[in-house]
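J.: Next come a sequence and a model predicted from it.
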2 protein chains.
Amino acid sequence: MPAVLSAGVRAVQAVEAPAHPPLRAVVSAGEVQRIAFGSQARVGEMLRLLPGQLPVGRRLVHAGDTIYIAGEVFAHLYVLNSGYFKVINTAADGREQVVGLHFRGDWLGFDGIATGRYICDAVALDTGEIWALRYDALLLACAAHLPLLASLHAEMSRAITRGRDSMLSRCTLPVGARVADFLRDWASALSRQGQRADQITLRMTRAEIGNYLGMTLESVSRALSTLARDKLIRFAGKGRREILIPDPGALDAFIQSQTAATSRS
Amino acid sequence: MPAVLSAGVRAVQAVEAPAHPPLRAVVSAGEVQRIAFGSQARVGEMLRLLPGQLPVGRRLVHAGDTIYIAGEVFAHLYVLNSGYFKVINTAADGREQVVGLHFRGDWLGFDGIATGRYICDAVALDTGEIWALRYDALLLACAAHLPLLASLHAEMSRAITRGRDSMLSRCTLPVGARVADFLRDWASALSRQGQRADQITLRMTRAEIGNYLGMTLESVSRALSTLARDKLIRFAGKGRREILIPDPGALDAFIQSQTAATSRS
DNA sequence: CGTTCGATTGAGGAAGATCAATTAATGTGG
DNA sequence: CCACATTAATTGATCTTCCTCAATCGAACG
């Protein structure tokens, strides 16, 4: 039984955030319009669309806290307001894998809708705040307010598309390019959030990254070392979890050079 | 550019089925209740839930026909009434992969919701019939009829979950077990449809299967030969596309024996 | 300051890809 | 209906990639 992923998972810690500004004040409607598809827009859109009567349960989480676990009865969808999260899928025979990484603006919990129980574990990688929406209340609100429904569906659609892109990456790229692609993804997620995209703080161990990317931790380490040697990335800070990307375009070029060499069609 | 996947793709052929029995008569409501989660139930559920005013465009397709292609403007979701279908994802640099296989009762087109354009190609593997639902009309119908909305969400949820299960299989199983898992999946899909699950007619070439499973066509061929040698499967018919599964449990055991050996955690 | 956990790096081996040759199936024109 | 052409599938030999095993190093923490 691989203990890598479950290590450090702490008990659920449901803390209600004390004082917060009113929901509608966080992002202005105008700002929402300007930043298309960015997480600012997505979170703002949520805030704008959520009718006052739909209760939003706020919860602070810390690294290792679980949002939900497989088998738990489904009742809520979660909107990530801040922090970093992973989703772990476990097979009947015990194989497990990190199948998703999620950030501000993402939704969690879709996997629970079909069966009425969550299929995966959702775990915080860092301190953050999540909003819990009762699914039944959300459905009613959606029926009354179609833009909210459209927004919800767009999120589910994105979840499907991202999963497919991950598949493509895992199945068509050699390990080195997979790691580069991972960094590129992370950076673009940061830029969607309006943060600087050239500076990444990995919140996972090499073992977790390797599990996510379908390779061993040694392969992750070697790939990162190679990227650093070739000046495609740079390590910052004391530990080796701060990564700088001087030239994102060079990363793209590297990935493409790898695919041209190894075209598994 | 890998030509494997696009080979044999023919132009869209939109044929309206001539005479059909009225929608509600195909599956009785009682039958729907009895067969939980099977595709009979899912198709029947659709029929029951779709209000009369929601227009359903029927289309007959043949092997190679495209339901939609990447970049096309999104307007419809598709419910598969019969036939076999594949979904192909293509990266910016030309890498492409079969990321999904779909059967009677499945929905296609969710990937188009978020951006307003389809992200993938959906191609028929065999003759079949699909129902096209205008997404805007569907949203309105959902708002008026919440069970329909719940059903739609359940389908999207399943799409997400299935994608994650595929990821897990691709990233944690050696090639032999991946092929066995593929056969098991196909068989269980057949059984959900009420068809016999011990007899599979592969509608894809070894190259397509390999692409779907993240391995070469030679590996697929070798894996199938090994499974046949070990009596876990048997080839029927003239070609080697008819596969019999004498003992599904033995397949499970085989997969598990492989995972115990190669635990990439 | 030692202990522990994570990361790096090297050496060797195994799984699977690639290359190549053969056979089987499918389709085509005569 | 048959000879031929074409595509799909199988099988073997070789080679590359990546995994496994192991040792070392560094950082974090009590």
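T.: Looks like it arrived, so ask away.

J.: pLDDT below threshold where in the stretch 1-150 of chain A?
T.: Applying pLDDT under 70 to the stretch 1-150 of chain A flags residues A:1-41, A:43-53.

J.: Helices of that one, start to end?
T.: A:29-34, A:39-49, A:135-144, A:146-172 (DSSP state H, counting those that start in this stretch).

J.: just so I know, which of these lies nearest residue B:162?
T.: Smallest distance to residue B:162 across the helices of the stretch 1-150 of chain A (C-beta to C-beta): 9.1 Å, for helix A:146-172. For every residue, glycine as well, the C-beta is placed using N, CA and C.

J.: now the closest one against helix B:146-172, angle please.
T.: 20 degrees (axes from the mean of the first three to the mean of the last three C-alpha atoms, to 10 degrees).

J.: Is helix A:146-172 in proximity to DNA strand D?
T.: No: Helix A:146-172 stays clear of DNA strand D (C-beta under 7 Å from any atom of the strand), getting no nearer than 10.4 Å.

J.: Buried ones in that helix, by neighbour count?
T.: A:148-172 (16 or more other C-beta atoms under 10 Å in any protein chain shown).

J.: Let me know whether it sits next to chain B.
T.: Yes: contact between helix A:146-172 and chain B, assessed by C-beta under 8 Å from any C-beta of the partner chain, occurs at A:146, A:149-150, A:153-161, A:163-168, A:170-172.

J.: could you check the angle helix A:135-144 makes with that helix?
T.: Using the same axes, to 10 degrees: helix A:146-172 against helix A:135-144 is 120 degrees.

J.: Quick check: next helix or strand after helix A:146-172?
T.: helix A:175-192 (DSSP states H and E).

J.: Surely residue A:100 touches residue B:164?
T.: Yes: contact criterion C-beta atoms under 8 Å: residue A:100 and residue B:164 qualify, at 7.4 Å.

J.: what sits in contact with each of those two?
T.: A:87, A:163 (C-beta atoms under 8 Å, 6 or more residues apart in numbering or on different chains).

J.: quick one: is stretch A:248-256 near chain B?
T.: Yes: applying C-beta under 8 Å from any C-beta, one finds stretch A:248-256 in contact with chain B at A:255-256.

J.: same deal with stretch A:198-215?
T.: Yes: using C-beta under 8 Å from any C-beta, stretch A:198-215 reaches chain B at A:207, A:211, A:213-215.

J.: First-to-last residue distance for that stretch?
T.: One end of stretch A:198-215 sits 25 Å from the other (C-alpha to C-alpha, to the nearest Å).

J.: Any buried residues in that stretch, and which?
T.: For stretch A:198-215, by 16+ other C-beta under 10 Å, it's A:198, A:200, A:202-215.

J.: any idea which of those residues is closest to residue A:227?
T.: For the buried residues of stretch A:198-215, the nearest to residue A:227 is residue A:200 (12.0 Å; C-beta to C-beta).

J.: Tell me how chain A divides into domains.
T.: Taking automatic domain parsing as the criterion, chain A consists of the domains A:23-168, A:173-261.

J.: Could you tell me how far the longest one lies from the centre of the chain?
T.: Okay, so that is domain A:23-168. 10 Å (C-alpha atoms, centre = their mean, to the nearest Å).

J.: Once you drop chain neighbours, what's closest to the residue nearest the centre of chain A?
T.: What sits nearest the mean C-alpha location of chain A, by C-alpha atoms, centre = their mean, is residue A:102, with 1.0 Å. Once flanking residues are discounted, residue A:102 sits nearest to residue A:85: 4.4 Å by C-beta to C-beta, 6 or more residues apart in numbering or on different chains.

J.: same deal with residue A:90?
T.: Nearest to residue A:90 is residue A:96, by C-beta to C-beta, 6+ apart, at 4.3 Å.

J.: and that neighbour, how many residues sit next to it?
T.: 23 (other C-beta atoms under 10 Å in any protein chain shown).

J.: cool, residue A:136 as well?
T.: Counted with other C-beta under 10 Å, residue A:136 comes out at 12.

J.: try the one 5 residues further on
T.: Applying other C-beta under 10 Å, we find 19 other residues in the vicinity of residue A:141.

J.: That one contacts residue A:56, doesn't it?
T.: No: Residue A:141 lies out of contact with residue A:56 (C-beta under 8 Å); the separation is 11.0 Å.

J.: Not counting residues beside it along the chain, what's closest to residue A:112?
T.: For residue A:112, the closest residue by C-beta to C-beta, 6+ apart turns out to be residue A:74, at 3.0 Å.

J.: was I right about that neighbour contacting residue A:119?
T.: No: under the criterion of C-beta under 8 Å, residue A:74 is not in contact with residue A:119, lying 9.2 Å apart.

J.: of the two, who's got more company?
T.: residue A:119 (25 against 19).

J.: Look up how far residue B:82 lies from that one.
T.: From residue A:119 across to residue B:82, the span is 28 Å (C-beta to C-beta, to the nearest Å).

J.: still on that earlier bit, among the domains of chain A, which comes closest to residue B:113?
T.: domain A:23-168 (3.7 Å).

J.: quick one: that closest one near DNA strand C?
T.: No: judged by C-beta under 7 Å from any atom of the strand, domain A:23-168 makes no contact with DNA strand C; its nearest approach is 11.2 Å.

J.: Residues of chain A that sit close to DNA strand D?
T.: Checking chain A against DNA strand D by C-beta under 7 Å from any atom of the strand, the hits are A:174-176, A:214-216, A:218-219, A:238-239, A:261-262.

J.: again, 10 Å this time
T.: Proximity of chain A to DNA strand D is confined to A:173-178, A:210, A:213-223, A:237-241, A:258, A:261-262, A:264 under the rule C-beta under 10 Å from any atom of the strand.

J.: contacting residues for the residue nearest to residue A:203 when sequence neighbours are not counted?
T.: For residue A:203, ignoring the flanking residues on the chain, the nearest one in space by C-beta to C-beta, 6+ apart is residue A:125 at 4.2 Å. By C-beta under 8 Å, 6+ apart, the contact set of residue A:125 is A:63, A:83-86, A:101, A:203-204.

J.: mind listing the strands for chain A?
T.: A:56-61, A:66-68, A:76-82, A:85-90, A:96-102, A:107-108, A:121-124, A:128-134, A:199-201, A:234-236, A:242-244 (DSSP state E).

J.: Out of the ones you listed, which gets nearest to residue A:186?
T.: Among the strands of chain A, strand A:199-201 sits nearest to residue A:186 (C-beta to C-beta), with 5.3 Å.

J.: ok, the closest one: who's next to it in the sheet?
T.: Sheet pairing of strand A:199-201 (DSSP bridges) gives strand A:242-244 (antiparallel).

J.: Show me what counts as buried in the strand it pairs with.
T.: residue A:243.

J.: Output the set of residues of the stretch 151-265 of chain A in proximity to DNA strand C.
T.: A:171, A:174, A:202-210, A:216-226, A:228-229, A:235, A:239-241, A:243, A:261-265.

J.: Report the beta-bridge partners for residue A:97.
T.: Where residue A:97 sits in a bridge, its partners, by DSSP bridges, are residue A:89.
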